[in-house]
Each structure stands twice: as C-alpha cells, then as structure tokens.
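S.K.: what's the 3D shape of this:
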Amino acid sequence: VTQIQGYNVKLLDTRKTIPGLRALEKYAVKIGGGFNHRFCLDDMVLIKENHLKLIDLIKTKEVIKRLKKRLPRGMKIEIEVKSLEELRQVIEIEPDIIMLDNMTPRQVKMAVKLRNYLSKIYHPAKLEASGNINMRNIRFYAQSGVDFISLGTLTKDIKSLDVSLEIVDN
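M.R.: Numbers count the residues shown, from 1 in each chain. The predicted model follows:
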C-alpha cells in the first residue's frame, strides 16, 4: 500500500489464500489498507481466458447481455485479457472490470489509454492489472493509471509470525 501511495489505484487481494485462513488473511489485507476483491467464486462473474476460448466474441456478448439481466443487483462482471487486441474486443462487451493478465507496465499504460479513448463509445470498464507484479515493480503499474492492482502474494505468500506458549519450570 505504501508503494502505491499518491496514485489513484486500489490494491486488491485475491482468493488465493491458505486453506482455512481466508477470512483472517482478507481481514489483514483490509486493515493494512488494501481492498478485498472476492471472497468466493459466487461474489462476481469472472470470465477467464479459457472461457473466452470456448465461445466466440459474438456469443460472449449475448451471454453477457443475458447475465446482466439475471444477476443480483450490483454483482459485477469481470473479463480477463492477455493482450491489447483482446482488450479492444472485450471493451465492446462492456464488462464492469477487465483484468489485464501478465501484462508489462508499458502494456498496462497502453491499455489505459485505449480504454480511455474507447470510453467515448463504450461504457468505461475499470482495469485491473494482475500477474507478475511484486514489490520491485508495483509502483510502475500504479503509475500506468490502472484502477486496480491485484496481488495473490498478499495472502498466499505471507511469512507467518511464530507465536508459541511455553511453560517453564521455576
């Protein structure tokens, strides 16, 4: 959180947590200044790369239209993309969030420019950078103008504090 201070970006956790500790780990992220993204699969519709490969773009648009009518009010739809070309196509579907997966800070900056340009025509989706982001490069991602940065390492790669109770003889 301190690495991205001064930029208009939110740091998100992911569902990648240690089994049995999800609630505690997400609470730790929240009190540390981060934001909880999804607690479980049914908190949001997430259309990943594999889903997009199974259906073409036209069918995806139709699926999204039907989903928006049936989803509980306020439930968001997020679509994962791996390239600027995929981003250009997915923006037309008008999801709430587009996850920019494993893109470089430079590619993310270009994605932000593309989204801003196309928002004159389409509903402006929020952009989330995810994948291969760490303490050495997070500031570069924050500088790109992206809306969210998600890090699985906030919960799955933590170093636990060794706390124990020992009884000693006097």
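
S.K.: From here on, just use CA atoms for contacts and neighbour counts.
M.R.: Will do.

S.K.: Report the helix or strand with the lowest average pLDDT across the chain.
M.R.: For the chain, counting by mean pLDDT, DSSP states H and E, helix 153-156 ranks last in confidence among helices and strands (a mean of 68).

S.K.: Spell out the residue ranges of the strands in this protein.
M.R.: For the chain, applying DSSP state E gives strands covering 10-12, 45-47, 77-81, 97-101, 126-130, 148-150.

S.K.: Can you check which of those strands gets nearest to His37?
M.R.: For His37, the closest of those is strand 10-12, at 5.6 Å, according to Cα to Cα.

S.K.: And the contacts of the closest one?
M.R.: Contacts to strand 10-12, defined as Cα atoms under 8 Å, 6 or more residues apart in numbering, come from residues 1, 34-37, 147-151.

S.K.: Going through those residues, which ones are buried?
M.R.: By neighbour count, with 16 or more other Cα atoms under 10 Å, those hold 34-37, 147-151 as buried.

S.K.: could you dump the strands of the chain to TSV with mean pLDDT and distance to Lys120?
M.R.: Shown next, in TSV, are the strands of the chain (pLDDT from 0 to 100; distance: least, Cα to Cα, whole Å):
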stretch	mean pLDDT	distance to Lys120
strand 10-12	94	24
strand 45-47	85	24
strand 77-81	92	20
strand 97-101	96	17
strand 126-130	97	14
strand 148-150	95	21
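
S.K.: Nothing else from me, thank you.
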